[in-house]
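Novice: Structure for the following, please:
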Amino acid sequence: MVQQFNLGIQQQLPKGMVLRADGVHNLGTHFIIGRTVGEVFNPVVGGPDRVVNLESSVRTHYDALLVSVERRGAQFGFRSSYALAKASNYANDDQIPFLNGPLDPADLRREFGPTPNDQRHRFVASGQARVAGGVAIA
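Specialist: Down below sits the predicted model:
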């Protein structure tokens, strides 16, 4: 389950430009984690093997501030965006939850930290222009 909250504003600037700012907050609950609960002899591997309980007991957090400036025009346009974000969770890997178990299966709070895909800063810019002969460069 994911609860999401967005709040944004935008302002028209001179020369056909628009400034946007958005705040995003996501809280995910009941995400899957593989918790080791014991060990058994596995004749296929000829030794001990983990017994893993797949359970939905972890949370994810994502907060971001997104800012962009855009200019639309027939001859020239651009968009530049910046994101300041933070992603954290208790899951060891929300895509393959049984590969690596938590450090302390009895205390999942110790597992809380940045996600593998956490990126604090991201800047993206793009533009387009029309030149002679109707050719568009982007």
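Novice: Which helix or strand in this protein has the lowest average pLDDT?
Specialist: Ranking every helix and strand in the chain by mean pLDDT, DSSP states H and E puts strand 113-114 at the bottom, with a mean of 86.
Novice: elements contacting whichever helix or strand comes after it?
Specialist: Note on strand 113-114: by DSSP states H and E, the next helix or strand toward the C-terminus is strand 121-131. When contacts are defined as 3 or more Cβ pairs under 8 Å, 6 or more residues apart in numbering; DSSP states H and E, strand 121-131 packs onto strand 76-89, strand 135-137. C-betas here are computed from N, CA, C, even on glycine.
Novice: does G133 count as helix, strand or coil?
Specialist: Counting by DSSP: H, G, I helix; E, B strand; the rest coil, the backbone at G133 sits in helix.
Novice: who does S88 bridge with?
Specialist: The partner list for S88 in beta bridges (DSSP bridges) reads H61, P114.
Novice: ok, it to N42 distance?
Specialist: Going from S88 to N42 by Cβ to Cβ, to the nearest Å gives 34 Å.
Novice: can you check H61 too?
Specialist: Distance of H61 to N42, computed by Cβ to Cβ: 36 Å.
Novice: The two: which has the busier surroundings?
Specialist: The neighbour count for H61 versus N42, taken as other Cβ atoms under 10 Å, is higher for H61 (15 against 12).
Novice: What residues does that one make contact with?
Specialist: N26, L27, G28, K86, A87, S88, N89 (Cβ atoms under 8 Å, 6 or more residues apart in numbering).
Novice: Show me just the buried residues among the residues you listed.
Specialist: Burial by neighbour count, judged by 16 or more other Cβ atoms under 10 Å, picks out G28, A87, N89 from the contacts of H61.
Novice: for the second one, what are its contacts?
Specialist: Just to be clear, that refers to A87. A87 sits next to T60, H61, Y62, P114, T115, N117, D118, Q119 when contact means Cβ under 8 Å, 6+ apart.
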